[in-house]
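*Asks:* what's the 3D shape of this:
(4 chains)
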Amino acid sequence: MQTELPTIYSITEDEIDLDALLAAITLDSTGAAAIFTGMVRGVTRRDDPHETVYLEYESYVPMAEAKMKQVADEIRAKWHVIEGIAIVQRIGRLYPRTPTVLIACTAAHRDTGVFDAARYGINRLKEIVPVWKKEVGPNGEEWVEGDYVPKPGE
Amino acid sequence: MQTELPTIYSITEDEIDLDALLAAITLDSTGAAAIFTGMVRGVTRRDDPHETVYLEYESYVPMAEAKMKQVADEIRAKWHVIEGIAIVQRIGRLYPRTPTVLIACTAAHRDTGVFDAARYGINRLKEIVPVWKKEVGPNGEEWVEGDYVPKPGE
Amino acid sequence: MNRIKLLFFATLRDRAGTKSMDIEIPSDLTIQGLKDKLAQDYPNLAQSMSSVIVTINREYAFDEAIVPQNAEIALFPPVSGG
Amino acid sequence: MNRIKLLFFATLRDRAGTKSMDIEIPSDLTIQGLKDKLAQDYPNLAQSMSSVIVTINREYAFDEAIVPQNAEIALFPPVSGG
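*Replies:* Here you go, the predicted model:
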């Protein structure tokens, strides 16, 4: 068991650097990483088809970082084999094709739940981490509203 | 539907550049990516615990690249929503913590099978793509042998 | 009385017309009581109060909770990060 | 006769002592026939022939397949990439 397992969580205005983040959560015992990233879609076809010029993200930063740490803690409680975790949300004005969010989990082997851990991480981030985005399109702007209401203890 | 969906497959001696590969498989309609990477473990605890100084990878390159394309085709046949696919195997002498392999799949949304597609990709790569590794440890070297025997038509 | 800091995000900030304000509230006011007071004092916020999410000192809070001394209270719509 | 190219990888290369060789084989020889011939001509390879994986022109091939004219035949153990 490593005494110190790397956990990175941050709200940032900087570009998301996948290679650097992956290196930062790779231990000598690490053999596998599952990474999820989300990007700004310029064109959305599902549900309400529309075009996006850019998204404007904002965050309640200190709470968001605390909730990201909570998501990481939840991941470790569910998947004990996870070695490193990185959770990064980029904010500010972000244009189509730009990565906006990253969840990465590492483990010794790939058959240990590392994919499920990353999927859990992005789902939880979208539930409890206080970040909002305003969508700016060719015909105006509109806040994107989530639909999750946190429960006591979350 | 895009007329040209990006598919990257390569055997390389160069560093794997996650950010560049992700950008290359991101379309204007892309909102989600699932990425798997494998790294050289310096310390293995499961099964037969041991230490690794480095791995030496080799490949039957033209066949390997053709089989990587086949894996990408299989992914597209199973998950029609996949937009971009990147499959990269690094070869040569690779030291602990170095990413050795990457499978990345993109889609408009994350609930479309994009995680399962990446997981399928790494599993198939380990079955049918002709790459081998020799493990060099403190006390000598040994070829790592897989256990999958391809079936007719694979 | 209890002096608290209010923070508004996203649609709540647009409706409040400000990112933050310091206000005085009665001691032992609940979150429900605070929402009622805000709906009364700031009519633009009234329609948001039924669905707003509230935090006390960066933890999610619910209608029955008492607002502590010098609390940092944030009000916002359901999150939409990612 | 049929002139073919043989490629060896990983343990098979170590045992063959070479990465590749060109050999002549009878026309209409099967993969099984080729493996028998290699086991006889190169005793170091004999023990590998029962579990070796064989490809013809970069596609997996099986014992009954006929080796085509000028084929590129590769022999290797189960793959271990990743």
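
*Asks:* separation between the closest residue to chain D within chain C and A:Asn123?
*Replies:* Going by CB to the nearest CB, chain D is nearest to C:Gly82 of chain C, at 29.5 Å. Bear in mind the C-beta positions are built from the backbone N, C-alpha and C, glycine included. Taking CB to CB, to the nearest Å as the measure, C:Gly82 falls 9 Å from A:Asn123.

*Asks:* count of residues packed around the closest residue in space to C:Pro68 that isn't next to it in sequence?
*Replies:* Take C:Pro68 and drop its neighbours on the chain: the residue closest to it by CB to CB, 6 or more residues apart in numbering or on different chains is C:Ile56, 6.7 Å away. A count of neighbours around C:Ile56, defined by other CB atoms under 10 Å in any protein chain shown, yields 19.

*Asks:* same deal with A:Lys69?
*Replies:* Burial of A:Lys69, expressed as a neighbour count using other CB under 10 Å, amounts to 15.

*Asks:* I figured it hits A:Ser10, correct?
*Replies:* No - contact status for A:Lys69 versus A:Ser10: not in contact, 10.2 Å apart, counting by CB atoms under 8 Å.

*Asks:* any idea how far stretch A:46-60 is from the chain center?
*Replies:* Its chain's C-alpha centre and that of stretch A:46-60 lie 16 Å apart, by CA atoms, centre = their mean, to the nearest Å.

*Asks:* what about it, near chain B?
*Replies:* Yes - if you take CB under 8 Å from any CB of the partner chain as the test, stretch A:46-60 does meet chain B, through A:Arg46.

*Asks:* over in chain C, which residue gets nearest chain B? Let me know.
*Replies:* Closest contact between chain C and chain B, by CB to the nearest CB, is at C:Gly82 (8.3 Å).

*Asks:* so that residue belongs to a helix, correct?
*Replies:* No - the secondary structure assignment for C:Gly82 gives coil rather than a helix, going by DSSP: H, G, I helix; E, B strand; the rest coil.

*Asks:* distance of it relative to A:Glu127?
*Replies:* Counting by CB to CB, the separation of C:Gly82 from A:Glu127 is 10 Å.

*Asks:* out of those two, which sits in the busier spot?
*Replies:* Between C:Gly82 and A:Glu127, counting by other CB under 10 Å, C:Gly82 is the more crowded of the two (23 against 19).

*Asks:* my read: that one touches A:Gly38, true?
*Replies:* Yes - C:Gly82 sits in contact with A:Gly38 when judged by CB under 8 Å, with a separation of 4.9 Å.

*Asks:* what sits in contact with each of these two?
*Replies:* A:Thr100, A:Val101, A:Ile122 (CB atoms under 8 Å, 6 or more residues apart in numbering or on different chains).

*Asks:* just those: which are in strands?
*Replies:* Among the shared contacts of C:Gly82 and A:Gly38, the members falling in strands (DSSP state E) are A:Thr100, A:Val101.

*Asks:* and the shared contacts of C:Gly82 and A:Gly38 near chain C, which?
*Replies:* Among the shared contacts of C:Gly82 and A:Gly38, the residues that sit close to chain C (CB under 8 Å from any CB) are A:Thr100, A:Val101, A:Ile122.
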